[in-house]
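> okay, structure incoming, though there's no sequence with it:
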């Protein structure tokens, strides 16, 4: 059964990556709007902003290697990264909580999860992550940060009590200004170690 689910995930990912080939145009349109005002999430409601396949496969192995079961994702978008998380979670019998601000993106992601037949292990929450994850009390094995960058720090602070000695925080777009400020703040705490991968695009935060 797991093999069948894995094949469904791979087929869905192929479709999504094919559609995402037009992402540069969508991103440019969003950036053009930011010329006259600060960028807003709605500017990218049609853009995938997805992780690479290499990053996705790394996530799968990270979950399997560490036997992660409790996974929280900030920034569902259309669900590409979530599907990679699901590939790993299927092997560990884990579950994923993922949150997305833009309802139209979340709804499309849920369609993709249904197509891949992994909806049963994914809890999609629509809205501001500071609200949708506010009452989260369960341990977090893997926290995947890939949403609006100015929320990395407040989300980290809010969820920090759910971390344990084996928790890993995966920080995507770590080379962006807001992300660097967040990582600099975390790095001041001797409790954490930071590991840069993918040429600095990603940083893994581990607990000593």
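Noted; the coordinates are in hand. Every value quoted in this text rests on a predicted model; they were computed, and no experiment measured them.
> what segments of this protein are strands?
70-74, 95-100, 122-126, 142-145, 168-171, 192-197, 202-207 (DSSP state E).
> pretty sure residue 173 contacts residue 203?
No. Contact criterion Cβ atoms under 8 Å: residue 173 and residue 203 do not qualify, at 9.7 Å. To be clear about C-beta, it is placed using only N, CA and C from the backbone, and glycine gets the same treatment.
> sorry, back to before: okay, the strands of the chain in JSON lines with mean pLDDT, distance to residue 181 and mean neighbour count next?
Shown next, in JSON lines, are the strands of the chain (pLDDT from 0 to 100; distance: least, Cβ to Cβ, whole Å; neighbours: other Cβ atoms under 10 Å):
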{"stretch": "strand 70-74", "mean pLDDT": "98", "distance to residue 181": "17", "mean neighbour count": "25"}
{"stretch": "strand 95-100", "mean pLDDT": "97", "distance to residue 181": "22", "mean neighbour count": "24"}
{"stretch": "strand 122-126", "mean pLDDT": "98", "distance to residue 181": "26", "mean neighbour count": "18"}
{"stretch": "strand 142-145", "mean pLDDT": "98", "distance to residue 181": "13", "mean neighbour count": "25"}
{"stretch": "strand 168-171", "mean pLDDT": "98", "distance to residue 181": "12", "mean neighbour count": "23"}
{"stretch": "strand 192-197", "mean pLDDT": "98", "distance to residue 181": "13", "mean neighbour count": "13"}
{"stretch": "strand 202-207", "mean pLDDT": "98", "distance to residue 181": "13", "mean neighbour count": "19"}
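> would you list those strands in TSV and tack on distance to residue 86?
Below are these laid out as TSV (distance: least, Cβ to Cβ, whole Å):
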stretch	distance to residue 86
strand 70-74	9
strand 95-100	6
strand 122-126	6
strand 142-145	12
strand 168-171	15
strand 192-197	21
strand 202-207	19
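> how far away is residue 51 from residue 12?
Distance of residue 51 to residue 12, given as Cβ to Cβ, to the nearest Å: 15 Å.
> ok, now residue 59?
The gap separating residue 59 from residue 12 is 16 Å, by Cβ to Cβ.
> also residue 163?
Note on residue 163: its distance to residue 12, by Cβ to Cβ, is 31 Å.
> what's the closest of the strands of the chain to residue 110?
Checking the strands of the chain against residue 110 by Cβ to Cβ gives strand 122-126 as the closest, at 5.5 Å.
> which residues touch that closest one?
Contact with strand 122-126 is made by 76, 82, 86, 95-101, 103, 106, 109-110, 113, 132-133, as judged by Cβ atoms under 8 Å, 6 or more residues apart in numbering.
> so residue 98 bridges to which residues?
Beta bridges link residue 98 to residue 73, residue 124 when assigned by DSSP bridges.
> that one against residue 77, yeah?
No. Using Cβ under 8 Å, residue 98 is not in contact with residue 77; the gap is 9.5 Å.
> list residues touching both of these two?
Going by Cβ under 8 Å, 6+ apart, residues that sit against residue 98 and also against residue 77 are residue 109.
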